[in-house]
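Visitor: no sequence for this one, just the structure:
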């Protein structure tokens, strides 16, 4: 399978994701252990950051893994549906992980709230304009409104 470039384009991102998530999980575990030590000393200041990072990693890893397992399963053709490939079982496990400890939308909302609180406390500004700006850009992209990215002539695109 790896002799074919189109299969490489499907498989290598999944493989690199495995390495990236492994390093991120190790770093999160180190932060968790550091937080445990600080909690024993009475310092609870790192709990909010640890919660935000774990929510983000859980949502990202479960969603991306589910997507990549499905891509790999389809890349294997009919063999990807065979029980001997273990991909159907793996797909069932990783898609179920998208709802453990709360559905991924809830997890990402918790990350957003943590970022909003962090920006608000650091800058004394609310993120409401930023949320509006990002939401407007997404809606504009969905309905194909051209958006100026800088450098375009005025009046050609809608500038944000």
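Guide: Noted; the coordinates are in hand. Note that the structure is a prediction, hence the values are computed from the model and not measured.

Visitor: Quick check: phi and psi on the spatially most central residue of the chain?
Guide: Centroid-nearest residue in the chain: residue 60, 2.9 Å away (criterion: C-alpha atoms, centre = their mean). Main-chain torsions, residue 60, degrees, to the nearest 10: phi -60, psi -50.

Visitor: For the remainder of this discussion, apply numbering that starts at 562.
Guide: Sure, I'll start numbering at 562, so the last one becomes residue 621.

Visitor: pLDDT at it, what is it?
Guide: If you check residue 621, the pLDDT there is 86.

Visitor: same thing with the one 3 residues further on?
Guide: Predicted confidence (pLDDT) for residue 624: 87.

Visitor: Neighbours of it, how many?
Guide: Per other C-beta atoms under 10 Å, the neighbour tally for residue 624 reads 17. For the C-beta atoms, the positions are set from N, CA and C on the backbone; glycine is no exception.

Visitor: Residue 646 now?
Guide: Neighbour number of residue 646 under other C-beta under 10 Å is 15.

Visitor: what does residue 612 give?
Guide: Count around residue 612 with other C-beta under 10 Å applied: 14.

Visitor: list the helices and strands the strand or helix carrying it packs on?
Guide: Assigned by DSSP states H and E, residue 612 falls within helix 608-636. Here helix 608-636 touches helix 566-601, helix 648-657, helix 665-684, going by 3 or more C-beta pairs under 8 Å, 6 or more residues apart in numbering; DSSP states H and E.

Visitor: so which of those helices gets nearest residue 642?
Guide: Nearest to residue 642, of all the helices and strands packed on helix 608-636, is helix 648-657, at 6.3 Å by C-beta to C-beta.

Visitor: report the angle between the axes of that closest one and helix 608-636?
Guide: 150 degrees (axes from the mean of the first three to the mean of the last three C-alpha atoms, to 10 degrees).

Visitor: now helix 648-657: mean pLDDT?
Guide: 85.

Visitor: in that helix, what's buried?
Guide: Within helix 648-657, the residues scored as buried using 16 or more other C-beta atoms under 10 Å are 648, 651-652, 655-656.

Visitor: hang on, the earlier thing: and the angle for the helix holding residue 612 with helix 566-601?
Guide: Using the same axes, to 10 degrees: helix 608-636 against helix 566-601 is 160 degrees.

Visitor: so helix 608-636 versus helix 665-684, what angle?
Guide: 140 degrees.

Visitor: In CSV, list the helices and strands packed on helix 608-636 along with distance to residue 614.
Guide: Output for the helices and strands packed on helix 608-636, formatted as CSV (distance: least, C-beta to C-beta, whole Å):
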stretch, distance to residue 614
helix 566-601, 6
helix 648-657, 20
helix 665-684, 8
